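[1] Build me a model from this:
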Amino acid sequence: MADAVVEQGRLARAASPRKRASLHNKLGRKSTVAFFLTLPLILLIAALVLYPALYSVHLATLNKSMQKFVGFGNFTFLFKRETFWMVVKQSCLFAITAVIFKALIGFIVAHFVHNIPAKGQRKWRGMLLVPWVIPPAMSTLAWLWLFDPSYSAFNYTLSFFGIGPIPWLGDASWARFSVILVNVWYGAPFFMIMYLAALKSVPDQLYEAAAIDGANWWQRIWFITLPMMRNIIAITTLFSLIVTFANFDIVRILTSGGPLDSTHLFATWAFQVGIQSSDIPLGACVSLFMVPILAVAAIFILRDVSKRGNES
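    Model (predicted):
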């Protein structure tokens, strides 16, 4: 009996160091340390993103008084409204057009800055980033003054050439052009700085070899620069597409969705339906409709990036 007790105590003492060593090894792993370091951010995202998203799904299944479960009734009601499909069309047109122009302008300006001597690059980068650094609500108020129907600086300048006055925010077509213009002005510097960083990672030896082979400027861009930047271009485009699709402040300040709902986006129309019209479940439905559209875009872009990564 005594021998059995002694043997059990010996086994317990031998197992205790092994447990401590196992715990020490787990804490010593880089993956475990990385998980604990990112845990606060994971919890913050869960609290500020995941919970509101799940709660909006719950709200979308309730009636206007939020006391009765109606299932997909709100979605069915939206699908029958012409305004909803107009908002879908305008959101897609706004996002795709703005992202294309931001990418083109950012690419051109990035090449311009990249070819400037190193001493002058810092000054140009600082100046060109100003539109992106200024809070969009503040800069959009300045654009609102530029588009003012009575005191527009644009119309005043165009009057010297016998043009105008142009109803920048009073006509549907001009209003769409105006909100896209402001979004491009605000977002192009982001593309510029991302593309500039990508250009600096392209080896100069590739351009030198292409020049020896007789490649012109366009061939060097097409066969060297673009293939080397494709992943950065794809990720930047996806990020900008998500942000542009969910844009609220520019349209809200400039047009509030007018004239005649011709510039409404998902975010602004969800605000009008959910907050101003006191139909929060219907507003949640409008905002949730962005998810499948952006999910499809993300799947195609990320799959292409992953495919090129496996090929390399």
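
[2] Tell me where this structure is predicted with low confidence.
    Counting by pLDDT under 70, the chain contains low-confidence ranges at 1-29, 308-312.

[3] Spatially central, which residue of it would that be?
    For the chain, residue 243 is the residue whose C-alpha lies nearest the centre (CA atoms, centre = their mean; 2.9 Å).

[4] ok, that residue - contacts?
    residue 187 (CB atoms under 8 Å, 6 or more residues apart in numbering). For glycine as for every other residue, the C-beta is placed from the backbone atoms N, C-alpha and C.

[5] in the host helix or strand of it, what's buried?
    For residue 243, the enclosing helix or strand under DSSP states H and E is helix 226-245. Residues of helix 226-245 classed as buried: 229, 231-234, 236-241, 244-245 (neighbour count, 16 or more other CB atoms under 10 Å).

[6] Equivalent analysis for stretch 129-144, please.
    Of the residues in stretch 129-144, those buried under the neighbour-count criterion (16+ other CB under 10 Å) are 131-132, 136, 139-140, 143-144.

[7] quick one: which two of these are the most distant?
    Set against one another by CB to CB, the buried residues of stretch 129-144 have their most distant pair in 132 and 144, with a gap of 18.8 Å.

[8] gap between the residue nearest to the centre of the chain and residue 51?
    Remark: distance between residue 243 and residue 51 (CB to CB, to the nearest Å) = 21 Å.

[9] Next: residue 291.
    In this structure, residue 291 and residue 51 are 16 Å apart, going by CB to CB.

[10] end-to-end on stretch 150-167?
    The distance separating the two terminal residues of stretch 150-167, taken as CA to CA, to the nearest Å, comes to 10 Å.

[11] sorry, that was for stretch 130-139
    In stretch 130-139, first residue to last residue: 10 Å (CA to CA).

[12] per-domain residue ranges of this structure.
    Residue ranges for each domain of the chain read 1-60, 77-311, as given by automatic domain parsing.

[13] Could you list the residues in contact with the host helix or strand of residue 282?
    Take DSSP H and E as the rule and residue 282 turns out to sit in helix 280-288. Taking contacts as CB under 8 Å, 6+ apart, the residues outside helix 280-288 that touch it are 56-57, 59-64, 66, 70, 74-75, 77-78, 84, 87, 266-267, 269-271, 273-275, 277.

[14] Check the offset of stretch 48-60 from the chain's centre.
    Here the centre of mass of C-alpha atoms in stretch 48-60, compared against the chain's by CA atoms, centre = their mean, to the nearest Å, lies 20 Å away.

[15] Check stretch 129-140 too.
    With CA atoms, centre = their mean as the basis, the mean position of stretch 129-140 lies at 16 Å from the chain mean.

[16] okay, how far is it across it, tip to tip?
    With CA to CA as the measure, the first residue of stretch 129-140 is 16 Å from its last.

[17] Contacts for that stretch next, please.
    Contact with stretch 129-140 is made by 182, 185-190, 192-193, 249-250, 253-254, as judged by CB under 8 Å, 6+ apart.

[18] 7 Å instead?
    182, 185-186, 189-190, 193, 249-250, 253-254 (CB atoms under 7 Å, 6 or more residues apart in numbering).

[19] Stretch 194-201 too?
    Stretch 194-201 has contacts (CB under 7 Å, 6+ apart) with 106-107, 110, 113-114, 229, 232, 236.

[20] and of these, the nearest to residue 120?
    Each of the contacts of stretch 194-201 was scored against residue 120 by CB to CB, and residue 113 proved nearest at 8.9 Å.

[21] Pull stretch 235-242 out as CSV, backbone CA atoms only.
    The C-alpha atoms that make up stretch 235-242 are tabulated as CSV, following Å, rounded to 0.1, in the frame of the first residue of the first chain:
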residue,chain,number,x,y,z
ILE,A,235,-5.8,44.4,-54.1
THR,A,236,-6.0,48.2,-54.4
THR,A,237,-8.9,48.0,-56.8
LEU,A,238,-10.8,45.6,-54.5
PHE,A,239,-10.2,47.8,-51.4
SER,A,240,-11.3,51.0,-53.3
LEU,A,241,-14.3,49.2,-54.8
ILE,A,242,-15.6,48.3,-51.3
